[in-house]
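Sequence first, predicted model second:
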Amino acid sequence: MKVPLLDLKRQYRTIKPEIDTAIEEVVESQVFKLGPKVTDFEDRVAEYCGTKRAVGVASGSDALLLALMAVGVGRDDEVITTPYTFFATGGAIARLGAVPVFVDIDPLTYNMDPGLIEQAITDRTRAIMPVHLYGQCADMDPIMEIACRSGIPVIEDAAQAIGAEYRGRRAGSIGALGCFSFFPSKNLGGYGDGGMITTDDSEVADLLISLREHGQTLRDGGQTEMYHHWTIGLNSRLDALQAVVLAVKLRHLDEWSDGRARNAAYYRSRFEGSPVMAPHVLPESRHIYNQYVIRVSNRDALREHLKENGIGCALYYPVPLHLQSCFSSLGMGSGDMPEAERASAETLSIPVFSLLTEEERDYVATTILGFVRA
Ligand SMILES: Cc1ncc(COP(=O)(O)O)c(C=O)c1O
């Protein structure tokens, strides 16, 4: 049997008529950048995430960059974040000439350890950027408590976590800004790149609307004035085609995330009592399982075994950011972030998508258990 890590063709087959109609409407209208379809989708995302506003942008990476710009991060400022994440988290900080200040992760959730933040704050700290890795919110109460006490804004990298909940609040509605990615493999994935920034602050949302169109001046009614620039932004608009695809998919998102959670519960029961460590879920949380990541001591051998048996799997992420050669100027080395380094060596992402069949998930669990028990 072959089991892919993710099969988006199966998903498309279930929503084909809705998607095809939505795409055709945009092509008929010939309005491809921003416009009413994008505004409508922004309103739906704001409602879904529980924020007043949402601003569509070209990718999750741009969402992070623009959010950092919106809180005024610039050259030589510091932003506290996690080294155990996709590159964009640290890349966005460095792209602005600021310094990513990494704090190690909690070994159970793989998210930023809030107990390490306070000692990383200096008079140059301009933001704290936790990542809701794999679809589970970071432990936000202590993070928000430190941030509020220090007067530092929190930007949530919620790229992997749309719909995740932490003590009754949705990802993207807890900090000052939330950043989302609609990369195709996300729970809410487009047919190309896309991103969104959520916020309760209308002034910040208006600033983002201006920044995403090269800093064009915002006029009454929410439109920017072409060729009049009050500041320097970038070209980062959400496409109407992506917005309509995503609007269709948003209607199915909870059903799909619940399907992932059912597969996760199945794996948990199969792995109980075995050497396979299942994901640790914080109490009063909703994990949306963008990735289902197990932890084993002989990870590389298990990975080979799964490949040989036709099971898709992946490493998220093999090299933590503090060890990436592009960040060598930070002067960090092996052993500086021990939990992130251990997680990079021992974790493995396995298939969890909602349309996985019972036969497939049984085959995945049986193959893994057969290997670790041998
Ligand atoms: C944690 C995290 N941050 C940022 C991003 C960047 O998003 P995008 O690929 O849409 O630019 C991703 C996407 O993979 C991500 O997983």
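Done, it's in.

for the lengthiest helix in the chain, packing partners?
Ranked by residue count, the top helix of the chain under DSSP state H comes out as helix 8-29. When contacts are defined as 3 or more C-beta pairs under 8 Å, 6 or more residues apart in numbering; DSSP states H and E, helix 8-29 sits against helix 240-250. C-betas here are computed from N, CA, C, even on glycine.

so how far is the helix it packs on from its chain's centroid?
18 Å (C-alpha atoms, centre = their mean, to the nearest Å).

which residues does the residue in the chain that the ligand sits nearest to contact?
Per C-beta to the nearest ligand atom, residue 60 is where the chain lies closest to the ligand, at 2.4 Å. Listed by C-beta atoms under 8 Å, 6 or more residues apart in numbering, the contact set of residue 60 reads 88, 159, 179-183, 195.

The residues you listed: which ones sit near the ligand?
88, 159, 181, 183, 195 (C-beta under 6 Å from any ligand atom).

Quick check: of the residues you listed, which lies closest to residue 54?
Nearest to residue 54 among the ones next to the ligand among the contacts of residue 60: residue 195, at 10.6 Å, using C-beta to C-beta.

Please name the nearest non-neighbouring residue to that closest one.
Nearest non-adjacent residue to residue 195, counting by C-beta to C-beta, 6 or more residues apart in numbering: residue 63, 3.9 Å away.

Kindly tell me how buried the one you found is, as a neighbour count.
Neighbour count for residue 63, taken as other C-beta atoms under 10 Å: 34.

that older thread, alpha carbons only: can I get the longest helix of the chain in PDB?
Taking C-alpha atoms only, helix 8-29 is exported to PDB below (Å, rounded to 0.1, in the frame of the first residue of the first chain):
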ATOM      1  CA  LEU A   8      -5.000  17.300  -2.100                       C
ATOM      2  CA  LYS A   9      -6.500  15.700  -5.200                       C
ATOM      3  CA  ARG A  10      -8.800  13.800  -3.000                       C
ATOM      4  CA  GLN A  11      -9.900  17.000  -1.400                       C
ATOM      5  CA  TYR A  12     -10.500  18.700  -4.700                       C
ATOM      6  CA  ARG A  13     -12.700  15.900  -5.900                       C
ATOM      7  CA  THR A  14     -15.100  16.500  -2.900                       C
ATOM      8  CA  ILE A  15     -15.500  20.300  -3.700                       C
ATOM      9  CA  LYS A  16     -14.900  20.400  -7.400                       C
ATOM     10  CA  PRO A  17     -18.200  22.000  -8.500                       C
ATOM     11  CA  GLU A  18     -18.000  24.700  -5.900                       C
ATOM     12  CA  ILE A  19     -14.400  25.500  -6.700                       C
ATOM     13  CA  ASP A  20     -14.800  25.500 -10.500                       C
ATOM     14  CA  THR A  21     -17.800  27.800 -10.300                       C
ATOM     15  CA  ALA A  22     -16.000  30.300  -8.000                       C
ATOM     16  CA  ILE A  23     -12.900  30.400 -10.300                       C
ATOM     17  CA  GLU A  24     -15.100  30.900 -13.300                       C
ATOM     18  CA  GLU A  25     -16.800  33.900 -11.700                       C
ATOM     19  CA  VAL A  26     -13.500  35.600 -11.100                       C
ATOM     20  CA  VAL A  27     -12.200  34.900 -14.600                       C
ATOM     21  CA  GLU A  28     -15.500  36.300 -16.000                       C
ATOM     22  CA  SER A  29     -15.100  39.400 -13.900                       C
END
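
Tell me the buried residues in that helix?
By neighbour count on 16 or more other C-beta atoms under 10 Å, the buried set for helix 8-29 is 11, 18-19, 22-23, 26.

about what we covered before: may I see the ones next to the ligand among the contacts of residue 60 arranged in a markdown table, with secondary structure, pLDDT and distance to residue 151 as well?
Shown next, in a markdown table, are those (DSSP: H, G, I helix; E, B strand; the rest coil; pLDDT from 0 to 100; distance: C-beta to C-beta, whole Å):
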| residue | secondary structure | pLDDT | distance to residue 151 |
| --- | --- | --- | --- |
| 88 | helix | 98 | 26 |
| 159 | coil | 98 | 26 |
| 181 | strand | 98 | 28 |
| 183 | coil | 98 | 33 |
| 195 | strand | 98 | 27 |
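
List buried residues within those residues.
Neighbour counting by 16+ other C-beta under 10 Å classes 88, 159, 181, 183, 195 among these as buried.

residues in contact with the third one?
Looking back up the chat, that one is residue 181. Contacts for residue 181 (C-beta under 8 Å, 6+ apart) come out as 59-61, 63, 159-160, 194-195.

Skipping adjacent residues, who's closest to it in space?
residue 60 is the one closest to residue 181 (C-beta to C-beta, 6+ apart), at 2.4 Å.

interface residues of the stretch 51-200 of the chain facing the ligand?
59-61, 64, 85-86, 88-89, 131, 157, 159-160, 181, 183, 193, 195.

which of these lies closest to residue 33?
For those, the residue nearest residue 33 by C-beta to C-beta is residue 193; the value is 13.4 Å.
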